[in-house]
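K.L.:
Please work out how this folds:
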Amino acid sequence: MHQYSSMNASTSGGSNRKTRWALMGASTMAIGVLALSGCGSSGASDATSSGSASASDGEQQKTITVFAAASLHKAGEDLAKKYEADHPGVKISWNFAGSSKLVQQMREGASADLFISADQANMDKALKTDAFHNSPEPKVIASNTLQLVTAPGNPGHVSSIQDAADRPVAVCAPEVPCGTLAKSATDAAGVHLNKASQEANVSAVSTKVSQGEVDAGFIYSTDALNLKNGGKDITAIDLQGISNNKYPAAMTTSGQDRSDVKDFYQWLASNDAQQILKKYGFEPGE
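P.N.:
Numbering: from 1, shown residues only. From the prediction side, this is the model:
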């Protein structure tokens, strides 16, 4: 009995020791897992911090918002590329539309740092809005010429503004600079456009001309050059009774308080910028 009891006690003691070792092993493993989890958490935390740092770096990029006449679209893209390449950390964000539409947007509260109009009349309207309170005088950065341009191949046989009287033609709305100039040209020639469609901006007119939806359209020489460069067989007809339209640029009230906006505004008159504008058919401003 005693031997049995002794053996039982011994066996029980061994079992207890095994249990204690098992518990100690489990504790050690748990501590290891926690340590590894701690390392994992640290890594995740570091990754989050790094991500936050990257986001922070991204947020440091300065964006200059420019409202510009639709006729500047092609040149504007190249102007932005050049300026951004020379000024890391700065992004030019364009809003292209008819000048009168842009004035309306700013009057209704749209935020811009810089406005480039296709004529002085719409710039004058813009300067009367709250967005330009105490802004410095605008400066002219380029000029352009309105032309009557035929559809590819000249299917309507248009060779003069008189030929446009009874042909389907596209023209800008009268409140848009290209529309104002077209009205001056037709008035000077004593021509009434009987089959004209009015478009929101010169880009829309140019599209109709290029696709042959009309026999001709009143667009700028820069737009005509873009069509020719794109392989369109168009004919550009010079107009009498109108002068070149100028492109004044002005900083808004909020824009003039930023050094990066001032720098871009001044850069537009630089040789680099003027060469890009010339490439797209624009003439000097002043």
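K.L.:
what mean pLDDT would you report for stretch 196-213?
P.N.:
For stretch 196-213, mean pLDDT rounds to 96.
K.L.:
Residues contacting it, please?
P.N.:
69-71, 73, 96-98, 101, 118, 149-153, 155, 168-174, 176, 178-179, 214, 216-220, 223, 226-227, 230, 232, 234 (Cβ atoms under 8 Å, 6 or more residues apart in numbering). (Glycine included, C-beta is placed from N, CA and C.)
K.L.:
Drop anything exposed from these.
P.N.:
69-71, 73, 96-98, 101, 118, 149-151, 168-173, 176, 178-179, 214, 216-220, 223, 226-227, 232, 234 (16 or more other Cβ atoms under 10 Å).
K.L.:
what about stretch 266-284, start to end distance?
P.N.:
Start and end residues of stretch 266-284 are separated by 15 Å (Cα to Cα, to the nearest Å).
K.L.:
swap in stretch 88-104?
P.N.:
32 Å.
K.L.:
Now that stretch: buried residues?
P.N.:
90, 92, 94-104.
K.L.:
per-residue confidence averaged over it?
P.N.:
pLDDT averaged over stretch 88-104 gives 97.
K.L.:
How about stretch 108-124?
P.N.:
96.
K.L.:
what does it rub up against?
P.N.:
In contact with stretch 108-124 (Cβ under 8 Å, 6+ apart) are residues 64-72, 95, 99-100, 102-103, 106, 126, 131-132, 138, 141, 144, 176-178, 180, 202, 245-252, 254-255, 258, 261, 264-265.
K.L.:
need the strands for this structure, in chain order.
P.N.:
62-69, 90-97, 114-116, 139-144, 146-150, 169-172, 196-199, 216-220, 236-238, 245-251, 283-284 (DSSP state E).
K.L.:
Redo these as TSV? Include distance to Asn122.
P.N.:
TSV is the format used below for the strands of the chain (distance: least, Cβ to Cβ, whole Å):
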stretch	distance to Asn122
strand 62-69	8
strand 90-97	11
strand 114-116	9
strand 139-144	13
strand 146-150	15
strand 169-172	12
strand 196-199	16
strand 216-220	15
strand 236-238	24
strand 245-251	9
strand 283-284	19
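K.L.:
how far away is Val158 from Phe132?
P.N.:
41 Å (Cβ to Cβ, to the nearest Å).
K.L.:
again with Ala97
P.N.:
Ala97 is 18 Å from Phe132, by Cβ to Cβ.
K.L.:
Dump the buried residues of stretch 88-104 to TSV, plus distance to Gln60.
P.N.:
As requested, the buried residues of stretch 88-104 are exported to TSV (distance: Cβ to Cβ, whole Å):
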residue	distance to Gln60
Val90	11
Ile92	16
Trp94	21
Asn95	23
Phe96	27
Ala97	29
Gly98	34
Ser99	33
Ser100	36
Lys101	32
Leu102	28
Val103	32
Gln104	33
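K.L.:
Need the max-distance pair from those.
P.N.:
The span of the buried residues of stretch 88-104, defined through Cβ to Cβ, is set by Val90 and Ser100 at 28.8 Å.
K.L.:
picking up where we left off before, list buried residues within the contacts of stretch 108-124.
P.N.:
Going by neighbour count (16+ other Cβ under 10 Å), the contacts of stretch 108-124 have 64-72, 95, 99-100, 102-103, 106, 126, 131-132, 138, 141, 144, 176-178, 180, 202, 245-252, 254-255, 258, 261, 264-265 buried.
K.L.:
Show me where the chain has its helices.
P.N.:
With DSSP state H as the criterion, the chain has helices at 2-59, 73-86, 99-107, 120-127, 177-189, 202-210, 221-229, 259-267, 271-279.
K.L.:
quick one: average confidence on the longest one?
P.N.:
Looking at helix 2-59 alone, the average pLDDT works out to 37.
K.L.:
With the fifth one instead?
P.N.:
In this model, helix 177-189 has an average pLDDT of 96.
K.L.:
again, but for stretch 274-286
P.N.:
93.
K.L.:
quick one, what contacts Gly89?
P.N.:
60-62.
K.L.:
Show me which of those residues is closest to Leu193.
P.N.:
Looking across the contacts of Gly89 and measuring by Cβ to Cβ, the closest to Leu193 is Lys62, at 45.6 Å.
K.L.:
how many neighbours does the closest one have?
P.N.:
15 (other Cβ atoms under 10 Å).
K.L.:
That one reaches Ser259, doesn't it?
P.N.:
No: the pair Lys62 / Ser259 is not scored as a contact, 9.5 Å apart, by Cβ atoms under 8 Å.
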